[in-house]
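> below are the sequence and a predicted model for it; my questions follow.
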Amino acid sequence: MVGWMKLTKGLIAGLLLTLLLTGCGANWGWYVVSPSTESGRSNLKFLIDGLGYTIALSICAIVISIVIGLLIALPGLAKGRAPRTMNRVYVECFRAIPILVLLLWVYYGLPVVLDIGITAFWAGVVALAISDSAFEAEIFRGGIQSISKGQIEAADSLGLSYYDKMRYVILPQAIRRILPPLGNQLVYMLKMSSLVSVIGLSELTRRANELVVTEYRPLEIYTILVLEYLILILIVSVGVRWLEKKMRADEQ
Amino acid sequence: MGNNGREPIIKIAGMGKSFGDFEALKNIHLTVHNGERVVVCGPSGSGKSTMIRCINRLEAHDAGTITVDNIELNQNTKNINAIRREVAMVFQQFNLFPHLTVVENLTLGPVRARKMNPADAEVLARKYLERVHIPEQAEKYPAQLSGGQQQRVAIARSLCMEPRIMLFDEPTSALDPEMISEVLDVMAELAEDGMTMVCVTHEMSFARKVADTMVFMDAGEIVETASPEQFFSAPESERTQMFLNQILQY
Ligand SMILES: Nc1ncnc2c1ncn2[C@@H]1O[C@H](COP(=O)(O)OP(=O)(O)O)[C@@H](O)[C@H]1O
Ligand SMILES: [Mg+2]
């Protein structure tokens, strides 16, 4: 934990130092995003405003993917062959499709199949959520399977329904084991949300691309983009770790 | 056997259970009457656990019949649930819910399975904690209790379901020796209050004191069913004799 904090602090310090040192060199043109000029400020604001979509997209996708992931994980734990097969087919299929491919299909293909309109935002949410749910189904299945058989038997002999057994006995215990890999998945999702730029959603990456086209300063603009993702993901990591610690403390 | 006039509440007839090719139980016949205390013993692997786990369907038997309070135990989930409402089980490993406090462990069943309101359930929980002599541990987590205390909480959790029958599967086998008697005392008190009990245990002094009926199992079969007086002084079967010699040696 301490080592990890040191490492990230070191990383950020190193990155900032590099920027400072090289930023003064002839090859850099920080004016393009400089807070001290009018145009620099408006460019910077334009870039940072993408955060809203990136965050909204990731949160919607992770929430939906958790629900789907759980619904897919449960049949994977059943005794019968049919539900287990259904679980395997879903997981194997959606794990095999690259996110970008799924995204293109959902945005350009799904509206034709279903005869509906879909915005870039919702196409992104659907593609990320489905792709992610396959991984999460596996995370949930592993977490639930790690709960001892005795817990299930105790719940059964109390006469708890399947729902109550999951809700009050199994999941609260499994969540402690699920949370760390789920945190990783959230970080992964945040990163993958950059792919949605290709269908035109005005999130962080798309805005950086657009600005590069008009300003011709890819080095500075993409450096800002790197920093945006880095900071966002570090915040999420710290949040997840805090949550893990709190849960462990609750267990006393 | 002292069942004069008491009704049969558990009827097991010709019951069998296999795990794959392995026949864990063969042709089991056992009748337990209302208020009767049955102690089951036998060597490890003889099928004691499997037999009592079949009574509340933690294992599904695959031959013969099991009837509890005139409800037949079969695929029908309605019947299974009805039987589980009458039958409580205490496990060797306690199986308390580690993420819940003692009182939450006790109220979960009544509130969720019996739809009792939480305030009433808590009153019930405290009553039964009193009964197992640990009212002061209500707010603790299971991990903060000794083994003996945990098993008594598990017994209280079962009692909160107000069952007609209690099944015990080697309830003291996982305990340090100095904690065994506190659990057996609680069980003996339950027996005195007239609870119907089926108890797998090798605590023979407990069996002598409490049992109405002794059952000896070996290799998946019930070898002998007898009153404790007869069982301990003049067992019919040679296998019973040998087993008793072994465990009563010291
Ligand atoms: N789930 C299971 N799968 C396969 N074999 C089992 C299972 N449960 C019990 N057995 C076998 O059934 C036999 C009886 O087991 P058990 O009822 O636990 O015996 P006991 O409680 O008398 O020690 C043992 O040989 C055991 O290995
Ligand atoms: Mg056993």
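Cool, the structure landed. Numbers count the residues shown, from 1 in each chain, chains lettered A, B, ... in the order given. Ligands and ions are numbered 1, 2, ... in the order given.
> the residue nearest the centre of chain B: which element?
In chain B, the residue lying closest to the centroid (Cα atoms, centre = their mean) is residue B:167, at 1.7 Å. Residue B:167 belongs to strand B:165-169 when assigned by DSSP states H and E.
> all helices for the stretch 1-150 of chain A, in order.
A:2-23, A:38-48, A:51-76, A:81-96, A:99-104, A:110-114, A:120-145, A:149-157 (DSSP state H, counting those that start in this stretch).
> give the other helices and strands that the second one contacts.
When you say that, I think you mean helix A:38-48. helix A:204-215, helix A:218-250 (3 or more Cβ pairs under 8 Å, 6 or more residues apart in numbering or on different chains; DSSP states H and E). The C-beta positions use only the backbone N, C-alpha and C, and glycine is treated the same way.
> return the member of those helices having the minimum mean pLDDT.
Lowest mean pLDDT within the helices and strands packed on helix A:38-48: helix A:218-250, a mean of 88.
> next, the buried residues of that one.
A:220, A:221, A:223, A:224, A:225, A:228, A:229, A:232, A:236, A:237, A:240, A:241 (16 or more other Cβ atoms under 10 Å in any protein chain shown).
> rewinding a little: nearest to residue A:59, out of the helices and strands packed on helix A:38-48?
Closest to residue A:59 of those, according to Cβ to Cβ: helix A:218-250, at 10.6 Å.
> what does the stretch 151-252 of chain A have sitting close to chain B?
A:151, A:153-154, A:156-161, A:164, A:168-169, A:172-173, A:251-252 (Cβ under 8 Å from any Cβ of the partner chain).
> please pick the buried ones from the residues you listed.
A:151, A:153-154, A:156-160, A:164, A:168-169, A:172-173.
> if we can go back for a sec, bridging residues for the residue nearest to the centre of chain B?
Under DSSP bridges, the beta-bridge partners of residue B:167 are residue B:89, residue B:198.
> contacts only, for it.
Contacts for residue B:167 (Cβ atoms under 8 Å, 6 or more residues apart in numbering or on different chains) come out as B:52, B:55, B:56, B:87, B:88, B:89, B:90, B:197, B:198, B:199.
> tabulate those (TSV), appending neighbour count.
Below are those laid out as TSV (neighbours: other Cβ atoms under 10 Å in any protein chain shown):
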residue	neighbour count
B:52	23
B:55	23
B:56	24
B:87	27
B:88	26
B:89	26
B:90	25
B:197	22
B:198	24
B:199	27
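> can you tell me the closest non-neighbouring residue to residue B:209?
The spatially closest residue to residue B:209, leaving aside those adjacent along the chain, is residue B:188, at 6.4 Å (Cβ to Cβ, 6 or more residues apart in numbering or on different chains).
> just say helix, strand or coil for that neighbour.
Under DSSP: H, G, I helix; E, B strand; the rest coil, residue B:188 falls in the helix class.
> so how far is residue B:33 from it?
Counting by Cβ to Cβ, to the nearest Å, the separation of residue B:188 from residue B:33 is 19 Å.
> neighbour count winner among the two?
Taking other Cβ atoms under 10 Å in any protein chain shown, residue B:188 and residue B:33 do not tie; residue B:33 has more neighbours (21 against 15).
> my guess is the more buried one meets residue B:6, correct?
Yes - Residue B:33 is within contact range of residue B:6, at 4.1 Å (criterion: Cβ atoms under 8 Å).
> shared neighbours of those two, which are they?
In contact with both residue B:33 and residue B:6: no residue, using Cβ under 8 Å, 6+ apart.
> shaky segments in chain A?
Along chain A, the model assigns pLDDT under 70 to residues A:1-8, A:16-26, A:250-252.
> okay, which residue is most central for it?
residue A:189 (2.2 Å).
> host element of that one?
Residue-wise, residue A:189 maps onto helix A:171-192 under DSSP H and E.
> contacting residues around stretch A:187-206?
Taking Cβ under 8 Å, 6+ apart as the rule, stretch A:187-206 contacts A:47, A:50-51, A:53-54, A:57-58, A:61-62, A:65, A:99-100, A:103-104, A:107, A:120-121, A:123-124, A:127-128, A:131-132, A:209-210, A:225, A:228-229, A:232-233, A:236-237.
> just the helices in chain B please.
B:48-55, B:77-86, B:102-108, B:118-131, B:147-159, B:177-192, B:204-210, B:228-233, B:238-247 (DSSP state H).
> other SSEs contacting the third one?
In other words, helix B:102-108. By 3+ Cβ pairs under 8 Å, 6+ apart, helix B:102-108 packs against helix B:118-131, helix B:147-159.
> do the same with the first one
For helix B:48-55, the packing partners by 3+ Cβ pairs under 8 Å, 6+ apart come out as strand B:8-19, strand B:22-33, strand B:37-41, strand B:63-68, strand B:87-90, strand B:165-169, strand B:196-200.
> so is it next to ligand 1?
Yes - Helix B:48-55 is in contact with ligand 1 by Cβ under 6 Å from any ligand atom, via B:48, B:49, B:50.
> ok, the first one - contacts?
The neighbourhood of residue B:48, defined by Cβ under 8 Å, 6+ apart, consists of B:40, B:41, B:42, B:169, B:170, B:200, B:217.
> contact residues of the stretch 1-150 of chain A facing chain B?
Residues of the stretch 1-150 of chain A lying near chain B (Cβ under 8 Å from any Cβ): A:148, A:150.
> closest residue of the stretch 1-150 of chain A to chain B?
Nearest residue of the stretch 1-150 of chain A to chain B (Cβ to the nearest Cβ) works out as residue A:150 at 4.0 Å.
> how about chain A: which residue is closest to ligand 1?
Residue nearest to ligand 1 within chain A: residue A:149 (9.2 Å; Cβ to the nearest ligand atom).
> what does chain B have sitting close to chain A?
Checking chain B against chain A by Cβ under 8 Å from any Cβ, the hits are B:56-58, B:81, B:84-85, B:87-89, B:91, B:93, B:95-99, B:108-109, B:112-114, B:141, B:143-144, B:157, B:161.
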